[in-house]
Every structure is written in structure tokens, then in C-alpha cells.
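Engineer: fold the following.
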Amino acid sequence: MSRILVTDLDGTLLGGTPDDRARLREALTRNPGVTPVFATGRGLTSVRDLLRDPLVPAPRWIIADVGATVIDGTDFTPVHPVQDQLRAGWPGPERIRAALRCFPGLAYQHDVVQDGRCSYHLAPDRLTDELTAAVEALGCAWVYSGDRYFDVLPPGASKGNALRALAGKLGWRPEAILVAGDSLNDLSLFRTGAHGVVVAGAEPALLTALADDPLVHRPDHVGAAGIHTALRELGWLTPEPGPVPAPTPGRATATATAPGEHSLLVAYHRPPLHWNGRDWQPPGSPNGILPTLTSAFADGLPGVWVSALVGDERRAALPRPAGVPLSPVPLDTAAWAGYFHRACKETLWPVLMSEPERSAFHGPAWADYRAVNARFARHISAQAAPGATVWLHDYNLWLVPGLLRRLRPDLRTGLFHHTPFPPPEVFATLPVAAELRRSLARLDWAGFHTEEFAEHFRRTLAGLPDPPHTAVHPLGIDRPAVERLARLRAPRRRPAAGRVVLSVERLDYVKAPIQKVDAVERLLTRRPELRGRLTFRLVCPPPEPGITAYDATRSRLEQRIAEVNGAWRQAGWQPVDYLPQSLTATAVVDEYLAADVLWVTSLQDGMNLTAKEFVAARAALPREHTEPGVLVLSRHAGAAAELGEAALLTDPNSPEDLSAVLARALDLTPAERRSRLDRLSVLLGRDRPADWAARIVRAIRSCSPPVSPDGTFSIRSDLGAYPR
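Structural biologist: Numbering: from 1, shown residues only. Predicted coordinates:
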């Protein structure tokens with residue numbers, strides 16, 4: 001696929017050392033698929049003189065005179081009707097110079113050959129409202145850059161509008177274009193939706209104007225070296241002769257087919273497999289989004305899986321995993337820490353869980369969140385075929401929809417939320433709520449586990465134009481896999497000494513682990529006969545190293561466990577059996593089979609698949625087992641919408657209710673247990689996760705794309721983007 005490099009000259013392509021410029025020229029020669037286009041404030045005569053320099057690549061097209069001139073680089077003839085459109089309304093230099101002669105601060109650049117514009121020198125303190133009003137009264141546009149250059153242009157002329165017009169004529173798509181610049185007269189180029197690179201040493205005002213734009217590369221290299229860095233990060237250059245360099249963050253690698261050929265792209269912040277130093281290792285559980293999507297691809301779901309590859313893994317020449325079309329986005333550990341550990345877990349997660357008082361906003365971490373989302377968007381854009389379908393997962397990629405609409409308006413983009421979605425008044429507590437709403441509104445489709453979460457989403461986007469279609473698709477489990485394990489392990493089922501209440505959950509305050517320990521102590525106080533006979537087994541894997549958001553929860557939980565066990569311990573028994581570690585799928589099924597009660601007490605939960613796994617495992621046992629398990633399920637878990645009529649529902653916000661419902665579960669007769677488990681088994685159903693994935697892909701594809709698949713630019717004025 002052809003790529004277009006649109007670059008400013010002075011300070012950008014011509015910046016840096018001769019070695020930098022020679023290296024870029026060599027790279028462009030070695031990669032003829034990258035077409036150079038100049039976008040300069042120079043006139044055509046000056047550009048012709050410049051082309052005598054052997055370090056300057058030959059441009060295929062030239063945008064000159066700050067966007068008033070568009071030239072074919074092969075024969076130096078004007079590109080019609082593009083140039084005519086850009087110069088429409090131009091009153092001519094004589095009229096402009098006469099009208100502005102009364103402003104003594106203006107110094108006309110007599111030594112610059114100009115065509116279709118008038119260029120002046122002007123000190124910053126002479127840029128007055130009277131001057132700009134006089135230009136606008138002439139029906140002209142203006143741009144000021146470098147604290148020195150004041151250009152008067154035809155009303156529709158700018159570098160950005162010239163690029164739009166040329167791209168529209170030649171059929172270029174935004175994702176196939178990289179614009180490069182260093183001053184304010186390049187700003188309009190960055191407003192076109194193309195990839196961008198601001199080279200080091202750029203005008204501060206340009207950096208300020210683009211500070212929040214995650215699509216813009218900001219390399220630490222000046223001039224030609226900065227352009228070369230951005231081209232490598234985009235993956236537009238073939239490897240240089242000699243040793244193969246390590247992957248650069250943002251570069252597309254390990255794709256199954258050539259870029260731009262995938263009709264379906266599935267994006268999640270985590271990969272489906274983990275590299276353990278020797279080989280690719282699958283997730284421990286047979287359920288969850290990672291095994292669900294892996295199963296869907298194994299069942300023939302066409303496409304590619306886009307995910308992050310972090311730290312040392314991104315530098316290694318890893319073998320391609322068998323059976324999974326993985327297309328990684330390399331990230332360094334610092335970017336991952338800011339993005340995931342802080343922005344996702346400290347800023348967004350508490351709000352998703354409707355606990356905004358826990359949310360902490362960090363500006364640098366949010367910059368990492370923007371940058372990682374931009375890398376995903378650029379990567380997807382480069383991999384996607386025209387009119388392709390993009391299926392995003394979860395809040396970790398909330399900014400990708402808006403970025404993709406700018407880069408690839410031809411794509412159909414859907415997002416499934418595996419977490420709860422908070423009420424609009426809670427969402428609004430985020431300092432970046434408006435930014436996120438704008439991006440989410442660019443989705444074509446959004447899916448949720450429950451109607452409640454879907455309604456929260458609809459209300460959050462209320463008032464924005466063209467909101468996405470929403471749908472409810474609760475995720476199930478791989479029931480046959482759980483049943484096979486349960487039947488295999490049933491003969492080894494160990495008899496429990498007394499009654500066992502089980503919770504299997506990651507360490508997270510939203511799972512209410514401390515509240516459960518308190519409830520156990522309350523129950524022991526009120527039911528003396530349970531002392532020595534009731535064990536609460538809490539399997540609680542710690543979070544990923546580096547996440548500090550749960551440190552207070554871990555500390556308080558371990559303190560309460562020590563207090564309760566210390567107060568109630570008897571010979572050979574303590575009430576809380578705490579396992580702060582991950583278990584294999586087989587070990588988890590063993591826990592399900594040994595438990596009398598599965599206790600799910602989430603304060604908020606998107607679905608909670610452990611509840612479904614427990615039902616599948618216990619229902620798979622032969623009926624001669626006279627003590628079927630009981631499911632105690634939080635009213636605030638997504639699974640309650642499906643299983644609530646047969647589970648015992650509890651409210652983890654009520655200490656009394658937690659203890660009372662647990663006591664009721666322990667007191668159910670065998671007949672009541674069997675009746676509830678039989679009903680839970682029916683409600684669980686046998687829908688395959690792969691079928692769930694296929695339905696969602698069909699739903700996203702049924703949405704009408706916002707524009708025609710060619711994705712070409714429309715010509716519009718961008719004068720509002722200019723500094724005034």
C-alpha cells in the first residue's frame with residue numbers, strides 16, 4: 001500500500017546534520033512505496049534551487065506558498081483544479097499591499113518570490129486585532145509563525161487544505177499519510193486526521209496547540225532524524241542493512257499477512273498468551289475474555305488479534321504463537337505503568353465501580369493512556385483492509401474509537417464492555433469525561449452484559465449526535481470444558497471437615513473481601529454451633545506487580561484475617577483459610593467441588609464468570625451426591641440478571657444482609673439445594689463463547705459505515721484551527 005510523507009522543509013526535512021539527511025534520503029530510496037510531498041512556505045523558484053542538493057529527496061508533489069500553490073513535482077505544472085480552488089477569492093498582491101501599507105510594523109519580504117500570497121516580517125507585539133481585522137476585511141486568511149512571519153493567503157488556502165484537496169484528487173486515505181512540521185504554519189497539516197510528527201526543537205506554540213493530540217509523534221530528534229524515527233515507528237520502512245533493530249514502540253510486527261489486508265481486527269490490551277521465557281503459555285482459566293477470544297479464533301473467526309507486548313518481550317525475536325494470529329503493539333514498561341497501573345487502575349477503574357471518591361487523576365499517566373491508545377489506533381489503521389470491522393474490548397481502549405474515526409472513517413468499530421458502566425453522574429466526575437464521551441460517541445456499536453449498563457451508557461452519551469447502537473450480550477462460559485474437568489476430578493473429591501464457604505476472586509476492593517471477613521466473624525458470634533465447623537476459604541490472587549491501587553485493601557484484609565483467626569482459632573481449626581495466589585483451572589474446579597457455598601459479593605461486577613463455573617462444575621456431578629452446592633450471588637454482579645431467580649441474592653453494602661444470607665445458604669435442606677442447583681443449571685444454558693463472539697462480530701458488521709470505504713478527504717476550510 002502506498003504511503004505519503006508530507007513534510008515541511010526549513011527546520012523539518014532540512015533540519016539536522018548532513019548525516020541525518022543522508023540517512024533519511026537513503027531510507028526513502030530504499031522504500032519507494034513512501035512518496036515524498038513537500039509542504040513549504042517557500043515559493044516554487046526557491047524549491048527548484050533546493051532540489052540541486054543531493055541530500056534532498058525528489059518530491060512527487062509540491063505544496064508551496066504556505067498552501068496557495070500545488071505543483072506536480074515531475075514537470076512543475078500546477079495541479080488543476082486543486083490550485084484554482086485554493087486561490088479562489090484572492091484579491092491580488094497589489095490590493096493587499098495597498099490596504100496594509102498603513103501598518104508600520106509590517107515589512108514586506110521583497111527578497112522572497114511569492115505567488116498567490118503576501119509574506120511579511122512582523123514582530124509579535126505588532127500582531128494586533130486591527131491588523132487581522134484588516135486582512136479579514138479583504139476576504140483573506142492569515143497565519144503567523146516563528147514569532148516573525150505573517151502570511152496573507154487566499155480565504156481557502158493553507159497547507160492543510162492543500163493536502164486535503166490533493167488527497168481527495170488522488171484518493172489518499174488519512175492513515176496512509178504522515179505529515180511532518182516544526183512551526184505554526186504547519187498546524188493545519190496536523191488537523192487533517194493524518195499521522196503526524198513534530199520534530200524536536202519545534203516552535204513552542206505548535207507544541208502547545210498539539211499537546212493533547214495522541215496521534216502526533218514527538219521524537220527526541222531534530223529535523224530529518226525526527227522524520228526517520230516516525231517512519232520507523234509507523235513500520236513504513238524496511239529494515240536497514242546490518243543488524244535488525246529492536247522493535248520500536250508503536251511499530252506493527254508479527255502480523256499474519258501484509259498490512260491493510262485484515263477484514264476483522266480484535267483489540268484488547270492484553271495478549272491471549274503469555275511468554276514465560278521458553279514458550280507461549282495460555283491463561284490458567286478456561287473462561288474469561290482471553291480464552292473466549294482464543295476459542296473464537298480457533299473455531300474459525302477470521303482476523304487478527306491486536307494486543308500490547310510489554311517490556312523485554314517487545315525486544316525479543318519471539319516465535320509466532322501457533323493458532324493465534326497475534327499482531328502486537330510493543331510498549332516499554334514505563335508507558336505500560338503509566339497507562340495501565342495508574343490511568344486505568346487508579347483513575348478509570350474506581351469510577352467504573354461507582355466509587356469515584358477513590359479515583360486519582362495523574363496528568364502524566366493520562367498522557368501515557370492517550371499515547372498507548374494512539375499506538376493501538378495507528379496499528380489497527382495500518383492493518384485494516386478498506387471497510388474492515390474493528391472489535392475493541394473494555395475501557396482500556398476508550399480513546400481508540402475517536403482516533404480511528406479520524407484515521408479510518410471507513411471502518412466499522414464496536415466495543416464490548418466487560419466491566420460495569422457507571423451512571424452518567426458518576427462518569428461525569430472524571431476530569432477527562434468530555435474527552436472520553438467524544439471518543440465513545442464515534443463507535444458504531446457498543447455491547448454490555450446487562451441492560452442496566454447499556455442504559456447507563458446511553459444516558460452518558462445523551463445529547464451527542466449519532467450515538468452508537470447498543471446491545472446486551474451476556475458472556476457465558478465454556479461449559480463442556482468445566483464439566484469435563486469436574487467429572488475427571490469428582491472421584492478425587494476430598495471430604496470437607498465441616499462446612500466450606502468459598503470465594504475465588506482477584507484482590508480488589510470491589511470484590512468486598514474485607515466485608516466478607518467481617519460477616520464471617522459476625523456469623524460466628526451469633527451462631528456458636530458453627531465454631532470449629534465453618535471455614536471461609538478465600539482464594540485471592542494478588543494483582544499484577546506495580547499496581548499500588550490495591551495496597552491498602554491488601555494490608556487491611558490481611559490485618560482483619562489475622563484478627564479474626566486470632567480471636568476464634570481452636571486446635572486444628574481457624575475460620576479464614578486465605579490463599580493469596582493463583583490456582584490452575586484444575587485446582588479451581590477442585591475448590592468448587594469441595595465447597596458447600598460459593599460466595600460472590602462484588603460491590604459492582606460486569607458479569608462474574610466464577611459463579612457460572614461453579615454452577616457448571618456442581619451440576620456436572622452425578623445426582624447421588626446429596627449435597628449440591630449453593631450459589632450466594634451479589635445483586636450487583638452482572639450474573640444476577642441471569643441467575644438471580646435461583647441463586648440466593650445478597651447485598652454486600654449491608655453487613656447484616658451479608659451475614660443473614662450466608663446463614664440461610666448454610667441452612668438450606670438438601671432438597672432445596674438440589675432444586676436451586678437444577679434451576680441454575682437450566683438458566684446457565686449451553687451457549688458457546690465462540691458463538692457469542694460470532695454474534696457480536698455480525699452485529700458490528702451490520703452497522704452502516706459513516707463514510708464510503710475509500711475513506712478519502714473532503715475539502716473544507718480549517719481556518720478555525722489557526723491561532724488568532
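
Engineer: show the pLDDT at Val56.
Structural biologist: Per-residue confidence (pLDDT) for Val56: 93.

Engineer: find the nearest non-adjacent residue to it, please.
Structural biologist: Excluding its sequence neighbours, the residue lying closest to Val56 (CB to CB, 6 or more residues apart in numbering) is Leu50, at 5.8 Å. To be clear about C-beta, it is placed using only N, CA and C from the backbone, and glycine gets the same treatment.

Engineer: can you tell me how far the one you found sits from Asp115?
Structural biologist: 16 Å (CB to CB, to the nearest Å).

Engineer: Asp20 now?
Structural biologist: Counting by CB to CB - Asp20 and Asp115 are separated by 31 Å.

Engineer: okay, the two: which has more neighbours?
Structural biologist: Asp20 (19 against 15; other CB atoms under 10 Å).

Engineer: that one against Ile227, yeah?
Structural biologist: No - Asp20 is beyond contact range of Ile227, at 9.0 Å (criterion: CB atoms under 8 Å).

Engineer: give the buried residues for the longest strand seen in the chain.
Structural biologist: Longest strand in the chain by number of residues (criterion: DSSP state E): strand 384-393. Under the neighbour-count criterion of 16 or more other CB atoms under 10 Å, strand 384-393 has Ala384, Ala385, Gly387, Ala388, Thr389, Val390, Trp391, Leu392, His393 buried.

Engineer: shaky segments in the stretch 1-150 of the chain?
Structural biologist: Scanning the stretch 1-150 of the chain with the threshold set as pLDDT under 70 gives 1.

Engineer: 80 - rerun?
Structural biologist: 1-2 (pLDDT under 80).

Engineer: hmm, who's touching the longest strand of the chain?
Structural biologist: Residues outside strand 384-393 that contact it (CB atoms under 8 Å, 6 or more residues apart in numbering) are 260-269, 289, 293, 303, 380, 400-401, 404, 408, 410-416, 418, 696-697, 700-701, 705, 709-711.

Engineer: from those residues, which land in helices?
Structural biologist: Ile289, Leu293, Ile380, Val400, Pro401, Leu404, Ile696, Val697, Ile700, Arg701 (DSSP state H).

Engineer: burial count for the third one?
Structural biologist: Close neighbours of Ile380, defined as other CB under 10 Å, add up to 30.

Engineer: okay, it and Asp299: tell me how far apart.
Structural biologist: Taken as CB to CB, the span from Ile380 to Asp299 is 23 Å.

Engineer: just the fifth one next, same as before
Structural biologist: Taking CB to CB as the criterion, Pro401 is separated from Asp299 by 27 Å.

Engineer: more crowded one of the two?
Structural biologist: Pro401 (26 against 13).

Engineer: next SSE after the host helix or strand of Arg25?
Structural biologist: Take DSSP states H and E as the rule and Arg25 turns out to sit in helix 18-30. Next along the chain after helix 18-30, taking DSSP H and E as the criterion, comes strand 34-39.

Engineer: just give the closest residue to Arg537, not the sequence neighbours.
Structural biologist: According to CB to CB, 6+ apart, the nearest residue to Arg537 is Asp577 (4.5 Å).

Engineer: again with Leu51
Structural biologist: Nearest to Leu51 is Ala58, by CB to CB, 6+ apart, at 6.8 Å.

Engineer: helix, strand or coil: sort out that neighbour for me.
Structural biologist: Secondary structure, DSSP: H, G, I helix; E, B strand; the rest coil: Ala58 is coil.

Engineer: centre of the chain to stretch 333-353, how far?
Structural biologist: The chain centroid and the centroid of stretch 333-353 are separated by 12 Å, computed with CA atoms, centre = their mean, to the nearest Å.

Engineer: buried ones in stretch 672-680?
Structural biologist: Neighbour-count burial for stretch 672-680 [16+ other CB under 10 Å]: Arg673, Arg674, Arg676, Leu677, Leu680.

Engineer: check contacts around the second one.
Structural biologist: Spelled out, that is Arg674. Contacts of Arg674 (CB under 8 Å, 6+ apart): Arg623, Pro628.

Engineer: how near is Val198 to Arg438?
Structural biologist: 22 Å.

Engineer: meant to ask about Leu631
Structural biologist: 41 Å.

Engineer: and the closest residue to Arg701 other than its chain neighbours, bridged to which residues?
Structural biologist: Distances taken as CB to CB, 6+ apart put Thr389 closest to Arg701, at 5.2 Å, once the chain neighbours are dropped. Going by DSSP bridges, Thr389 is paired in beta bridges with Leu264, Arg412.

Engineer: follow-up on the earlier one: so Leu631 and Arg438 - more neighbours on which side?
Structural biologist: Leu631 (24 against 15).

Engineer: could you look up the SS state of that one?
Structural biologist: strand.

Engineer: wait, what's in contact with it?
Structural biologist: Val597, Leu598, Val600, Ala611, Phe614, Val615, Leu643, Ala646, Ala647, Leu648, Arg676, Leu680.

Engineer: so the last one sits in a helix?
Structural biologist: Yes - with three-state DSSP as the criterion, Leu680 is part of a helix.

Engineer: thought it was touching Val615?
Structural biologist: Yes - counting by CB under 8 Å, Leu680 touches Val615, with 4.6 Å between them.

Engineer: which stretches of the stretch 301-450 of the chain have low pLDDT?
Structural biologist: 301-302, 311-324.

Engineer: and the helices in it?
Structural biologist: Secondary structure of the stretch 301-450 of the chain by DSSP state H, counting those that start in this stretch: the helices cover 333-336, 349-352, 363-383, 400-407, 424-427, 433-440.

Engineer: related to what we said a few turns ago, buried residues, the helix holding Arg25. List them.
Structural biologist: Asp20, Arg21, Arg23, Leu24, Arg25, Ala27, Leu28.

Engineer: with distance to Ser659 as new columns, can these be given to me in TSV?
Structural biologist: Listed next are those as TSV, based on distance: CB to CB, whole Å:
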residue	distance to Ser659
Asp20	70
Arg21	74
Arg23	71
Leu24	70
Arg25	75
Ala27	69
Leu28	72
